[in-house]
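Colleague: heads up, no residue letters with this:
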């Protein structure tokens, strides 16, 4: 299965998402988007395919969001996209693209919605939270 993850290795949610993809036996294309950001068209498509608004795709925590005044409700989508492309750290993560769909995997287990049901046994996040049982089934 062709899977792409827009990944930030400094982010626990992104690391957990990548681990869940690999746990399914899939080696994804990993794009460290802070170093290699998507194009404007790619970003717009990812956001739309994930069913999000541009504002929902912006990361506030640990970014220059406040300093740039991006909380101004009068800013247009185009202005927000400009900021995200100038400062890729503002792109929320991780976005995952598969033939089944596109998701902003927050929390990380949202990636399971767009992966085939081929999980291989139990899985726990870095913090110990169990996500899959020993049969590879999602723990609700």
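Modeller: Alright, I've got the coordinates. No experiment lies behind these values; they were computed from the predicted model shown.

Colleague: centre-most residue in this protein?
Modeller: The centroid of the chain falls nearest to residue 94 when counting by CA atoms, centre = their mean (1.8 Å).

Colleague: strands of the chain, residue ranges please.
Modeller: 4-7, 29-32, 95-98, 101-104, 123-124, 130-132 (DSSP state E).

Colleague: give the buried residues for stretch 25-35.
Modeller: 26, 28, 30, 31, 33, 34 (16 or more other CB atoms under 10 Å). The way it works is simple: take the backbone N, C-alpha and C, and place the C-beta from them, glycine included.

Colleague: looking at these, which is nearest residue 17?
Modeller: Nearest to residue 17, judged by CB to CB, of the buried residues of stretch 25-35 is residue 28 at 9.6 Å.

Colleague: quick revisit: mind putting the strands of the chain in a markdown table, mean pLDDT included?
Modeller: Shown next, in a markdown table, are the strands of the chain (pLDDT from 0 to 100):
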| stretch | mean pLDDT |
| --- | --- |
| strand 4-7 | 98 |
| strand 29-32 | 98 |
| strand 95-98 | 98 |
| strand 101-104 | 98 |
| strand 123-124 | 93 |
| strand 130-132 | 93 |
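
Colleague: which of those is buried the deepest?
Modeller: Sort the strands of the chain by mean neighbour count, taking mean count of other CB atoms under 10 Å, and strand 95-98 sits at the top with a mean of 25.

Colleague: strand partners of it, parallel vs antiparallel please.
Modeller: Within its sheet, strand 95-98 is paired with strand 4-7 (antiparallel), strand 101-104 (antiparallel), according to DSSP bridges.

Colleague: JSON lines for the ones you listed, including distance to residue 134?
Modeller: Output for the strands paired with strand 95-98, formatted as JSON lines (distance: least, CB to CB, whole Å):
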{"stretch": "strand 4-7", "distance to residue 134": "25"}
{"stretch": "strand 101-104", "distance to residue 134": "25"}
